[in-house]
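Colleague: Following is a predicted model, sequence given first.
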Amino acid sequence: MSSNIDSIQSTIDQWATHEKEWALKYLIQFQQNMKNSDELTLDHHHDIKHISQSNNNREDSESIITQKRSEQELSESIETFPVYDRKNPFSARVLKKERITGDASNKEVYHLELSLQGSGLTYQPGDILGIHHDNPPRLVQAILTHFKIDADAPFFYRDHLRIAESILHHLVEITSINAMLLKKYQKLTDHEGLQKLLQNKDEKLAYLHGHDILDLLHDFPSDITFDQFITILTPRYPRLYSIASSMKKVDQQVHITIRTVRYEIKNREREGACSTFIADRIKERQLLPIFIESNKGFKLPNQPQHPIVMIGAGVGVAPFRSFLQEIDQLESSKKPESWLFFGEQKRESDYLYQSEWKAFQNKKTLGRIDTAFSRDKEQKVYVQHRITEQQSLLWEWIEHKNAHLYICGDKNHMAKEVQESLKEIVRKHGNLTTEEADKYIKTLKREKRLQLDVF
Ligand SMILES: Cc1cc2nc3c(=O)[nH]c(=O)nc-3n(C[C@H](O)[C@H](O)[C@H](O)COP(=O)(O)OP(=O)(O)OC[C@H]3O[C@@H](n4cnc5c(N)ncnc54)[C@H](O)[C@@H]3O)c2cc1C
Ligand SMILES: NC(=O)c1ccc[n+]([C@@H]2O[C@H](COP(=O)([O-])OP(=O)(O)OC[C@H]3O[C@@H](n4cnc5c(N)ncnc54)[C@H](OP(=O)(O)O)[C@@H]3O)[C@@H](O)[C@H]2O)c1
């Protein structure tokens, strides 16, 4: 079979581009039939979608094709819902996409509402939504240019014939690199400079942060070909987002809060793959491949008599919107006492969901909110400073009211420092040694009274 495909492919290579595209389409189909595959995979779907795009307007063809797929899925799912998961994502319609940071903000944060109608998918507050994104077209183009190949040049990737653009757009990670990739690239190129970098742990770690695969090609040049390069690339993985809604409130919808990743290194603007896919390339009414994963380690208490303390910075506040929407639907007598600590840069432009917290307070769904806006005054104020200011009351809630504590957002700094502040409160108010305070925090975690959703 492979020699057959090789000879067809070498003939195709001689043809003009538009003929090549259609021939490739049928070659993909042929190859697929030979493999006895019953249905189009998402990846084949992408290849064929791409081929059809060359004669059509890109946006129209994308939405028509994904819409057709979804309509088909919808009609198939009327009686029995297929199992939608990471490998078989559901095409969810985007109902609303709204920027929720002001013009004066340093950040671009979007609130996204998706329809789960026809999916059979359900979730609990604290669960996670996964999105399968497409990679940034500018970076895809720059890599093609580096290798001096056409977007529609055919290549085998993982035993399937693909066009180059599709491989870079849908199938591999291109915006970030990892230690394994560096090693594989070094093995392939035998680059002396890279060998030196790999031997220095700190330099290696620094290089991994913020660099992409084009940096690798530029910084450690070699004569490897595109075919060789794609074999070592990491398969594209979906990005995860904390769910910001409750089904009790929004029914067949799911909401998330996404900060767009944009930064500049070496005079080149960088775009986070999934967050800019949402910010720049997805519009309301389009379809988005998604799945839901449960997060057992971040759940509201079973008993309403336990108060909740929610500590979130930036988009880390997202799951607390989900918690409060859930609590909002309870009878007054069943609503737990609740307290939200929220941190962001500027009150004027970054107070995410401000009016909703106010409404929750008016309805006695949210008892108290303490904010830490780090850039409104000269001296930085963070959520852990607010926690320390309220230490007596917080200790009362933890020790005497069995409060459940939740921390969401930055893993490396905020979450660590908040836990240190909590430990200090416990040590001081419980008259404990440092070791005993440490044990106290560990017990809170073991009893699921301190839960973390950090990234
Ligand atoms: C459980 C979980 C829940 C999450 N919930 C949310 C959520 O609710 N909202 C949300 O917005 N995100 C959330 N995230 C993060 C999210 O999954 C993505 O990581 C994020 O959107 C970035 O993905 P991306 O594809 O846009 O960027 P990528 O293409 O993955 O690029 C990100 C990479 O860019 C680099 N980078 C980023 N900023 C800079 C910078 N300033 N300088 C240098 N390098 C930089 C880093 O190396 C980083 O690894 C969550 C993650 C997890 C694991
Ligand atoms: N993978 C990615 O690239 C990606 C994409 C999106 C979000 N995220 C992560 O998601 C999390 C939230 O990001 P975000 O931009 O919404 O918010 P963020 O960066 O966590 O910022 C929110 C607030 O926290 C403050 N802060 C900074 N350092 C802190 C510390 N040590 N302790 C407590 N507060 C601190 C910030 O202040 P100042 O800014 O004034 O210092 C700001 O006021 C972060 O972990 C972020 O890295 C990652």
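Modeller: Looks like it came in fine. Ligands and ions are numbered 1, 2, ... in the order given.
Colleague: C-alpha from now on. contacts and neighbour counts both.
Modeller: OK.
Colleague: From the chain's centroid, how far away is the strand or helix carrying T443?
Modeller: Assigned by DSSP states H and E, T443 falls within helix 434-446. Computed by Cα atoms, centre = their mean, to the nearest Å, the chain-centroid distance of helix 434-446 equals 31 Å.
Colleague: ok, now stretch 142-155?
Modeller: Here the centre of stretch 142-155 is set off from its chain's centre by 27 Å, with Cα atoms, centre = their mean.
Colleague: Buried residues, that stretch. List them.
Modeller: For stretch 142-155, burial by neighbour count (16 or more other Cα atoms under 10 Å) applies to 143-144, 151-155.
Colleague: How about stretch 256-265?
Modeller: Buried, per 16+ other Cα under 10 Å, within stretch 256-265: 256-261.
Colleague: Would you mind measuring the gap between the ends of stretch 286-300?
Modeller: Length of stretch 286-300, first residue to last, Cα to Cα, to the nearest Å: 33 Å.
Colleague: The stretch 51-200 of the chain: helices as residue ranges?
Modeller: Here the stretch 51-200 of the chain has its helices, by DSSP state H, counting those that start in this stretch, at 58-76, 137-147, 164-166, 179-189, 192-199.
Colleague: and the stretch 301-450 of the chain, which residues reach ligand 2?
Modeller: 313-316, 343-345, 373-375, 382-383, 409-411, 413-414, 417 (Cα under 6 Å from any ligand atom).
Colleague: So which of those are in helices?
Modeller: Within these, membership in helices is found for 383, 414, 417, as judged by DSSP state H.
Colleague: out of the residues you listed, which one sits closest to ligand 1?
Modeller: Checking those against ligand 1 by Cα to the nearest ligand atom gives M414 as the nearest, at 14.5 Å.
Colleague: Check the spacing between the closest one and D223 real quick.
Modeller: Going from M414 to D223 by Cα to Cα gives 44 Å.
Colleague: So for those two, which sits in the more crowded spot?
Modeller: M414 (21 against 8; other Cα atoms under 10 Å).
Colleague: who's in contact with the more buried one?
Modeller: 313, 384 (Cα atoms under 8 Å, 6 or more residues apart in numbering).
Colleague: Please apply the same query to the one 3 residues further on.
Modeller: With contact taken as Cα under 8 Å, 6+ apart, E417 is in contact with Q384.
Colleague: and it, what pLDDT?
Modeller: What the model reports for E417 is a pLDDT of 98.
Colleague: Equivalent analysis for R446, please.
Modeller: Note on R446: pLDDT of 97.
Colleague: where's it relative to E399, distance?
Modeller: Distance from R446 to E399, by Cα to Cα: 15 Å.
Colleague: Quick check: what element follows the helix holding T443 along the chain?
Modeller: Counting by DSSP H and E, what follows helix 434-446 is strand 450-454.
Colleague: Residue of the stretch 101-250 of the chain nearest ligand 2, please.
Modeller: Among the residues of the stretch 101-250 of the chain, K107 lies closest to ligand 2, at 7.0 Å counting by Cα to the nearest ligand atom.
Colleague: The stretch 351-455 of the chain now?
Modeller: Counting by Cα to the nearest ligand atom, the stretch 351-455 of the chain gets nearest ligand 2 through D410, at 2.9 Å.
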